[in-house]
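**Student:** Here is a sequence together with a model predicted from it:
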Amino acid sequence: MDCTRNAKSPVAGDRHRVGRLAEIDAVILAGGLGTRLRPVVGDRPKAIVSVHGRPFLTYLFDQLISAGISRVVLCLGYGSQQIRASIGESYRGLSIVRSEETAPLGTGGALRLALSKLRSDPALVLNGDSYCGAELEEFWLFHRDRRAAASLLLTSVPDTGRFGRVQLGTGSDVIDFQEKGKTSGSGLINAGLYLIDCALIEEIPGGKLRSLEREVFPSWIGRGLYGFASAGKFLDIGTPEAYASAEAFFSDWQRSGAERAAPSAPR
């Protein structure tokens, strides 16, 4: 099903099937409660905790700008007023559109709510509390060349216990998800970046609490769900220990030159 021709979608006629990464709308999921971080950041939303004196979200914005992307839909929930005040209406030429939930919807429900604001098919979706220094153009080509319905960007970590493990078949199709806390040892994990066709987003029940990771992605196995294994350096700021490493993470990243365009200061 191609949602650009689905009459049920109120903006289907305005959404276009993209041929280049730069034409894609990005969606950042930034509505989480961040309860584990409150002992160190108070009531500040995870997405705008300070790293090197600037909101964490701006590192994701820089990554999108480096890939040529010019429009992002920001999914907000908890702390939306703080995020609006911190980020503003645009950033270095990146247009920021907001999608705000009135009750917690989870990552899946928040993405479904944002569908009406998307102008491209597929969309690039990012978690607002993690960063992976992957080459987004390579990820896009992977998704396009396989004619995937959805692609997850994966990265390898020494211990998958905190994150859960993603298992791939011989053709890079996703064949299984193993829950966090039930795995150990090195393996591939979900790095929090996805390319998803709008038809699949539209299937997520509207106005319902849904988790992409626990409920939605497993239901897409066998329906064109692929995993792109990246060597990109990964950071998840969801715990005090991980957040404490964020400044060193980005300092090392900039010094190493490992990323094509390292995060730069806001202009």
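**Tutor:** Good, I have the coordinates.

**Student:** and the longest strand seen in the chain, what does it pack onto?
**Tutor:** The residue-count maximum for a strand in the chain (DSSP state E) belongs to strand 187-196. Identification of packing neighbours for strand 187-196 by 3 or more C-beta pairs under 8 Å, 6 or more residues apart in numbering; DSSP states H and E yields strand 123-127, strand 130-132, helix 136-145, strand 150-157, strand 165-168, strand 225-230, strand 234-236. The C-beta positions use only the backbone N, C-alpha and C, and glycine is treated the same way.

**Student:** could you point out which element follows that strand?
**Tutor:** Past strand 187-196, further along toward the C-terminus, the next helix or strand under DSSP states H and E is helix 198-203.

**Student:** Now that next one: buried residues?
**Tutor:** Judged by neighbour count (16 or more other C-beta atoms under 10 Å), helix 198-203 contains these buried residues: 198, 199, 200, 201, 202.

**Student:** can you list those residues in TSV and add pLDDT?
**Tutor:** Shown next, in TSV, are the buried residues of helix 198-203 (pLDDT from 0 to 100):
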residue	pLDDT
198	97
199	96
200	97
201	98
202	97
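
**Student:** Quick one: the helices and strands packed on strand 187-196 as JSON lines, columns for mean neighbour count too.
**Tutor:** Listed next are those as JSON lines, based on neighbours: other C-beta atoms under 10 Å:
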{"stretch": "strand 123-127", "mean neighbour count": "25"}
{"stretch": "strand 130-132", "mean neighbour count": "25"}
{"stretch": "helix 136-145", "mean neighbour count": "18"}
{"stretch": "strand 150-157", "mean neighbour count": "23"}
{"stretch": "strand 165-168", "mean neighbour count": "18"}
{"stretch": "strand 225-230", "mean neighbour count": "22"}
{"stretch": "strand 234-236", "mean neighbour count": "22"}
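
**Student:** Quick one: the helices in the stretch 1-150 of the chain, in order.
**Tutor:** Taking DSSP state H, counting those that start in this stretch as the criterion, the stretch 1-150 of the chain carries its helices at 38-41, 57-66, 80-87, 106-114, 136-145.

**Student:** quick one: which of those helices is nearest residue 214?
**Tutor:** Closest of the helices of the stretch 1-150 of the chain to residue 214 is helix 106-114, at 8.7 Å (criterion: C-beta to C-beta).

**Student:** what does that closest one rub up against?
**Tutor:** Contacts with helix 106-114, where a contact means C-beta atoms under 8 Å, 6 or more residues apart in numbering, come from 27, 29, 31, 73, 75, 77, 99, 101, 105, 125, 127, 196, 201-202, 204-213, 215-216.

**Student:** Equivalent analysis for stretch 219-226, please.
**Tutor:** 142-143, 146-152, 172-177, 200, 217.

**Student:** what's the first-to-last distance across stretch 111-120?
**Tutor:** One end of stretch 111-120 to the other measures 14 Å (C-alpha to C-alpha, to the nearest Å).

**Student:** Kindly report the same for stretch 223-237.
**Tutor:** 31 Å.

**Student:** picking up where we left off before, return a selection command, for use in PyMOL, containing the buried ones of the contacts of helix 106-114.
**Tutor:** Applying 16+ other C-beta under 10 Å to the contacts of helix 106-114 leaves a buried subset, and the PyMOL line that selects it is:
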select buried, resi 27+29+31+73+75+77+99+101+105+125+127+196+201+202+204+210+212+213+215+216
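
**Student:** from the contacts of helix 106-114, which ones fall inside strands?
**Tutor:** Short answer: the contacts of helix 106-114 in strands (DSSP E) are 27, 29, 73, 75, 99, 125, 127, 196.

**Student:** Poorly predicted segments of the chain, please.
**Tutor:** For the chain, the stretches with pLDDT under 70 are 1-13, 34, 253-267.

**Student:** what residue lies at the spatial centre of it?
**Tutor:** residue 126 (1.1 Å; C-alpha atoms, centre = their mean).
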